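Trainee: Sequence and predicted structure below; questions after.
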Amino acid sequence: MIKNVADIMNPDMNDEGQQQAALLASALPFLRRYAGDTIVVKYGGHAMGKDHLSSAFGRDIALLKLVGINPIVVHGGGPQISAMLGRLEIASRFVDGLRVTDQAAIDVIEMVLSGSVNKQVADLINRAGALAVGISGKDGGLLQAKRLLHRSRDASQEPVDLGFVGEPVKIDPRVLYSLLGSGLIPVIAPIGVGEKGETYNINADTAAGAIAGSVNASRLLMLTDVAGVLDETGKLIPELTAEEAQRRIADGSISGGMIPKVETCLAAVKAGASAAVILDGRVPHACLLELFTHKGSGTLIRAS
Ligand SMILES: Nc1ncnc2c1ncn2[C@@H]1O[C@H](COP(=O)(O)OP(=O)(O)O)[C@@H](O)[C@H]1O
Ligand SMILES: CC(=O)N[C@@H](CCC(=O)OP(=O)(O)O)C(=O)O
């Protein structure tokens, strides 16, 4: 197998075109490995910040599609929701990384996630030359949910009512297969629908994990705004086993928004995904680096 570009380059070769061709050729084993696979990419609200990074993200997803992989994007939008709630003078409160969501908040959250953020993410991909379709988890009954009874990690361990925060109970992937079958890229806002048609705010990491499980995704990539899972000294942990992850959540060195991310990765590998990776969305082309080079970055979550 070609290990790196140098293996296939003529030592005299300094022509830029030849170098580009060699780079493309070095991706061949990876292209073969993932051909026809479904890969779920969770695009976090914090990773959306900078224009050059978001357009690189759009190009990466378009490229995956054009080389025969089926990407499905599930996006967040936590900072964008907080900004809009702030403008409307509605306070945001979080318990273990989950936003407490009352009736006034859920209306705003649905508007922000299924409206502006969803369309912006689909647009990034469309502008890169592939065809993306933005939908909400309510469309086609994709993300069916019930009210989450959350057990807080603090001393009480009593169930906490977070309002209209949902947990997925059933995924109906038909709308996804229908889009994928037509050569389109689904872009999903993490809004769920309850039995009586009520709307639920679902953490985007949790939604991505549930969707990855329902379509037997081979990989789950979680793009965020840190290098990966960090230890107490701020150093990147390249690989994390289930036991170590649970210990770090219990001792508080994994906290806030990183908790649902790590828990989702654990559930995904347990359900059969070959790997789940938490990636630094601040690195341009993070998805391509992860999938098509030996230089995997971020934190890889393994089952054991
Ligand atoms: N051990 C840890 N390693 C890395 N980040 C952590 C850790 N514990 C808590 N975090 C926090 O989790 C955040 C990522 O979660 P979140 O803000 O929900 O991101 P996103 O919007 O990408 O889903 C980081 O920015 C960091 O503040
Ligand atoms: C229940 C809950 O916390 N929902 C999240 C949904 C958006 C999200 O998860 O966005 P990020 O991926 O950018 O964090 C929220 O209201 O912020």
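Mentor: Okay, I see it. Numbers count the residues shown, from 1 in each chain. Ligands and ions are numbered 1, 2, ... in the order given.

Trainee: distance of residue 88 from ligand 2?
Mentor: For residue 88, the distance to ligand 2 (C-beta to the nearest ligand atom, to the nearest Å) stands at 14 Å. The C-beta positions use only the backbone N, C-alpha and C, and glycine is treated the same way.

Trainee: which residues touch that residue?
Mentor: residue 108 (C-beta atoms under 8 Å, 6 or more residues apart in numbering).

Trainee: Check residue 225 too.
Mentor: 44, 46, 47, 49, 280, 281, 282.

Trainee: With residue 100 instead?
Mentor: 92, 93, 94, 162, 163, 165.

Trainee: ok, the residue lying closest to it once chain neighbours are set aside to residue 82 distance?
Mentor: Spatial nearest neighbour of residue 100, excluding adjacent residues (C-beta to C-beta, 6 or more residues apart in numbering): residue 93 at 4.6 Å. Remark: distance between residue 93 and residue 82 (C-beta to C-beta, to the nearest Å) = 11 Å.

Trainee: So which of those two has more stuff around it?
Mentor: residue 82 (17 against 11; other C-beta atoms under 10 Å).

Trainee: helix or strand for that one, which one?
Mentor: Secondary structure from DSSP states H and E places residue 82 in helix 78-87.

Trainee: Looking at neighbours, which among the contacts of residue 100 is most surrounded?
Mentor: Neighbour counts for the contacts of residue 100 (other C-beta under 10 Å) peak at residue 165, which has 26 neighbours.

Trainee: and that residue, that one's in a helix?
Mentor: No: read with DSSP: H, G, I helix; E, B strand; the rest coil, residue 165 is strand and lies in no helix.

Trainee: wouldn't it be in contact with residue 148 here?
Mentor: Yes: using C-beta atoms under 8 Å, residue 165 is in contact with residue 148, at 4.8 Å.

Trainee: and the residue nearest to the spatial centre of the chain, what does it touch?
Mentor: By C-alpha atoms, centre = their mean, the chain has its centre lying nearest to residue 42, at 1.0 Å. Contacts here follow C-beta under 8 Å, 6+ apart; on that basis residue 42 touches 73, 74, 75, 76, 204, 205, 208, 220, 221, 222, 223, 264.

Trainee: Let's verify it: helix, strand, or coil?
Mentor: Applying three-state DSSP: residue 42 is strand.

Trainee: May I have the beta-bridge partners of it?
Mentor: Listed beta-bridge partners, residue 42: residue 74, residue 222 (assigned using DSSP bridges).

Trainee: For residue 118, I want the exact helix or strand it lies within.
Mentor: Judged by DSSP H and E, residue 118 forms part of helix 118-127.

Trainee: any idea how far that helix is from the chain center?
Mentor: Offset of helix 118-127 from its chain centre (C-alpha atoms, centre = their mean, to the nearest Å): 15 Å.

Trainee: Quick one: residues contacting the residue of the stretch 1-150 of the chain found nearest ligand 1.
Mentor: Scanning the stretch 1-150 of the chain for the residue nearest ligand 1 gives residue 44, at 2.2 Å (criterion: C-beta to the nearest ligand atom). Going by C-beta under 8 Å, 6+ apart, residue 44 touches 75, 76, 78, 204, 205, 222, 223, 224, 225, 281.
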